[in-house]
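In: Here's a sequence, model it:
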Amino acid sequence: MVIFLKTLRKKIKSSYIFNILQNLFFTPLKSYSDAFGEDLFVNNYFSNISKGIYVDVGCNQPKINSLTFKLHKKGWNGLNFDISERCINLYNFFRKNDKNYNISVGNKEKLVNSFIFYENCTMNTVDENFKKYTTKSVNKDPETKKIFQKTLNRILLENKISKFDYLNIDVEGYEINVLEGFSIKQFKPSLVSIEIHDKDCPPIKNKIYKYFIKNNYNLVAIYGWTYFFEFKENKKIHFEI
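Out: Residues are numbered from 1 along each chain as shown. Presented below is the predicted three-dimensional model:
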């Protein structure tokens, strides 16, 4: 009986309906994001902009763990991408004014393997090395699915977006591939958040860090593994003293 109840509980918690109810009734004290409150920084940074455009690559769920939900609540919209079909179905349910894509974002247009540990897992990836690390970490083999990959440049042009405000990239080891398919000098987002897994802080020898410094961006905040880079021309005052 105990085994049956545990199996039933696991099945319910992994269902689409459960995810809808989970997001519908999720009301955190302050932060919607995962563990470090990154969305509080994002919301403060854009506190004077009532309507803007975000691009969220590796968006996960529309409310839980989201760095853009607070922006969405006050009238922003944008593009969201995730390799989990379940996550994008949730976005289509909760964020009908956004454009939501169940694809991989990278440096080439091609079919790639996606590694799905479970449908709304924050550790899902298309990166082989990260897949091996997570498999060992959680002691679970992922389901491998073929998924189409596009460059961010192509997607932005298809949506007739010439400039946007905020870019978030959280793709579990595939971040540099996303950047290789994106012309940051052309689109110039005001703020970019991206995960960097590096023992040094700041990670001045890291490829991702060098990419932003080379393209005229400053490191302005670090929340856990999430690094925030600001386009230098903004000269934003983050907190009034």
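
In: Asn102 - how many residues pack around it?
Out: Neighbours of Asn102 under the rule other C-beta atoms under 10 Å: 19. All C-beta spots, glycine's among them, are computed from the backbone N, C-alpha and C.

In: Actually, Asn97.
Out: If we define neighbours as other C-beta under 10 Å, then Asn97 has 9 of them.

In: Could you look up the SS state of it?
Out: Under the three-state scheme (DSSP: H, G, I helix; E, B strand; the rest coil), Asn97 adopts coil.

In: give me the low-pLDDT residue ranges for the chain?
Out: Scanning the chain for pLDDT under 70 picks out 1-13, 25, 29, 34, 234-241.

In: just the helices in it please.
Out: For the chain, helices defined by DSSP state H occupy the ranges 2-13, 16-25, 38-45, 69-73, 85-94, 128-138, 152-158, 175-180, 184-187, 207-214.

In: of those, which approaches Glu230 most closely?
Out: For these, distance to Glu230 was read as C-beta to C-beta. The smallest value, 8.1 Å, belongs to helix 38-45.

In: Take the helices of the chain and write them to JSON lines, including mean neighbour count.
Out: Written out in JSON lines, the entries for the helices of the chain read as follows (neighbours: other C-beta atoms under 10 Å):
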{"stretch": "helix 2-13", "mean neighbour count": "9"}
{"stretch": "helix 16-25", "mean neighbour count": "14"}
{"stretch": "helix 38-45", "mean neighbour count": "21"}
{"stretch": "helix 69-73", "mean neighbour count": "20"}
{"stretch": "helix 85-94", "mean neighbour count": "20"}
{"stretch": "helix 128-138", "mean neighbour count": "15"}
{"stretch": "helix 152-158", "mean neighbour count": "16"}
{"stretch": "helix 175-180", "mean neighbour count": "20"}
{"stretch": "helix 184-187", "mean neighbour count": "14"}
{"stretch": "helix 207-214", "mean neighbour count": "16"}
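
In: of all those helices, which lies closest to Ile222?
Out: Evaluated over those, closeness to Ile222 peaks at helix 38-45, with 9.8 Å, by C-beta to C-beta.
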